[in-house]
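take this sequence and fold it.
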Amino acid sequence: MKPTLALVYAIPVIATQTAKIANNVLFGRDNTTGIWPYGPFRTAGRDIVNSRNETIVWAGLNWPLSGETMIPEGVEYQSVSDILDLVKSAGFNMLRMPFAIQMVDQIYERNGSDVALKEALINRMQRY
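As a prediction, this is how the structure comes out:
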């Protein structure tokens, strides 16, 4: 079984290490960062286990996005870091964040080059 894409949305979502972890887990490489979630994941019977053979137990929630801007709710009141600290302190270890397919389309339109958040927002607002 292939690793779950939920890792991409796992805490810490915004941390610098997330990209390294996601890359390692999603593509079956060893976790060279030495930090949670210790990928790659695999199945063992009915369980999902990490590279330390520890059973993974997901405790997740949804972080909704705000209407047409597709910006995560709450960031106008608290920093992303504070919100994620609150989520983590409540015992959650996974965060599901929907995204607009236009975000992926813009990357394809640019031959794989990422789109800066400011540019993506301006492009989106110009459509309305």
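
quickly list what residue 62 is bridged to.
residue 96 (DSSP bridges).

shouldn't it be in contact with residue 94?
No. Using C-beta atoms under 8 Å, residue 62 makes no contact with residue 94, being 10.2 Å away. To be clear about C-beta, it is placed using only N, CA and C from the backbone, and glycine gets the same treatment.

more neighbours, the two?
residue 94 (19 against 10; other C-beta atoms under 10 Å).

and the more buried one, its phi and psi?
The phi/psi pair for residue 94 (degrees, to the nearest 10) reads phi -140, psi 140.

can you give me the helices for this protein?
For the chain, helices defined by DSSP state H occupy the ranges 17-26, 80-89, 101-109, 117-126.

for the third one, packing partners?
This points to helix 101-109. If contacts are counted by 3 or more C-beta pairs under 8 Å, 6 or more residues apart in numbering; DSSP states H and E, helix 101-109 sits against helix 117-126.

specify the angle between the helix it packs on and helix 101-109 in degrees.
With axes from the mean of the first three to the mean of the last three C-alpha atoms, to 10 degrees as the basis, helix 117-126 and helix 101-109 are set at 110 degrees to each other.

mind starting the numbering at 318 from now?
Got it, first residue is 318 now, which makes that one helix 434-443.

packing partners of helix 434-443?
Judged by 3+ C-beta pairs under 8 Å, 6+ apart, the packing partners of helix 434-443 are helix 418-426.

in the helix it packs on, what counts as buried?
residue 423 (16 or more other C-beta atoms under 10 Å).

put the alpha carbons of it into PDB.
The C-alpha coordinates for helix 418-426 follow below in PDB (Å, rounded to 0.1, in the frame of the first residue of the first chain):
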ATOM      1  CA  ILE A 418      -7.400  22.900  -8.100                       C
ATOM      2  CA  GLN A 419      -6.400  26.200  -9.700                       C
ATOM      3  CA  MET A 420      -3.300  26.200  -7.500                       C
ATOM      4  CA  VAL A 421      -2.100  23.000  -9.200                       C
ATOM      5  CA  ASP A 422      -3.200  24.300 -12.600                       C
ATOM      6  CA  GLN A 423      -1.100  27.400 -12.200                       C
ATOM      7  CA  ILE A 424       2.000  25.300 -11.400                       C
ATOM      8  CA  TYR A 425       1.400  23.200 -14.600                       C
ATOM      9  CA  GLU A 426       0.900  26.400 -16.600                       C
END
